[in-house]
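Engineer: based on what follows, work out the 3D shape:
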Amino acid sequence: MSTVFRNIFSTPASSEIWSDRTRTFYYLQFESALALSQARFDVIPHEAASAIAKTCDDVNFIDMEELESETRKIGYPVLPVVKQLVRKVNEAGPGLGEWAHWGATTQV
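Structural biologist: Next comes the predicted model:
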């Protein structure tokens with residue numbers, strides 16, 4: 001957040017809408033919806049979709065410092081979010097996280 005411009009172009013409420021945490025939460029909601037939709041059509045296993053959706057309900061597992069560092073390296077935040085999601089879901093069951101972002105166009 002800019003010290004100089006923080007209160008000139010936005011309010012605290014609108015700043016929160018565009019915060020890293022809120023934006024990342026919406027990325028996770030997308031990942032959840034993608035996984036559940038894919039499972040509905042038997043594209044990915046239902047067990048994986050459930051684990052992905054459950055994990056995506058809470059943004060707190062995301063390491064924001066790691067997200068910042070990885071985003072700086074590649075220039076966009078989606079892949080670093082997906083990598084953290086895969087790791088976290090794999091804790092719930094080996095290999096389940098590998099189904100996250102399945103078939104989406106993000107380049108690894």
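Engineer: and the helix ranked longest in the chain, what does it pack onto?
Structural biologist: Scanning the chain for the longest helix, with DSSP state H as the assignment, gives helix 20-40. With contacts taken as 3 or more C-beta pairs under 8 Å, 6 or more residues apart in numbering; DSSP states H and E, helix 20-40 sits against helix 46-56, helix 64-74, helix 78-92. (Each C-beta comes from the backbone N, C-alpha and C, glycine too.)
Engineer: can you check which of those helices gets nearest to Trp102?
Structural biologist: For these, the distance to Trp102 is smallest for helix 46-56, at 8.4 Å, taking C-beta to C-beta.
Engineer: average pLDDT for the closest one?
Structural biologist: The predicted model assigns helix 46-56 a mean pLDDT of 98.
Engineer: dump the helices and strands packed on helix 20-40 to CSV, plus distance to Ser14.
Structural biologist: Rendered in CSV, the data for the helices and strands packed on helix 20-40 read as follows (distance: least, C-beta to C-beta, whole Å):
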stretch, distance to Ser14
helix 46-56, 24
helix 64-74, 20
helix 78-92, 23
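Engineer: still on that earlier bit, how big is the angle separating the longest helix of the chain from helix 64-74?
Structural biologist: With axes from the mean of the first three to the mean of the last three C-alpha atoms, to 10 degrees as the basis, helix 20-40 and helix 64-74 are set at 80 degrees to each other.
Engineer: so Val92 touches Ala53, yeah?
Structural biologist: I think there's a mix-up here, since residue 92 is Ala and not Val. No - because the distance of 11.1 Å does not satisfy C-beta atoms under 8 Å, Ala92 is recorded as not touching Ala53.
Engineer: between these two, which one's more packed in?
Structural biologist: Using other C-beta atoms under 10 Å, the more surrounded residue of Ala92 and Ala53 is Ala53, with 19 against 15.
Engineer: what's the nearest residue to the more buried one if we skip its chain neighbours?
Structural biologist: Leaving aside its sequence neighbours, Ala53 sits nearest to Ser32 (C-beta to C-beta, 6 or more residues apart in numbering; 4.4 Å).
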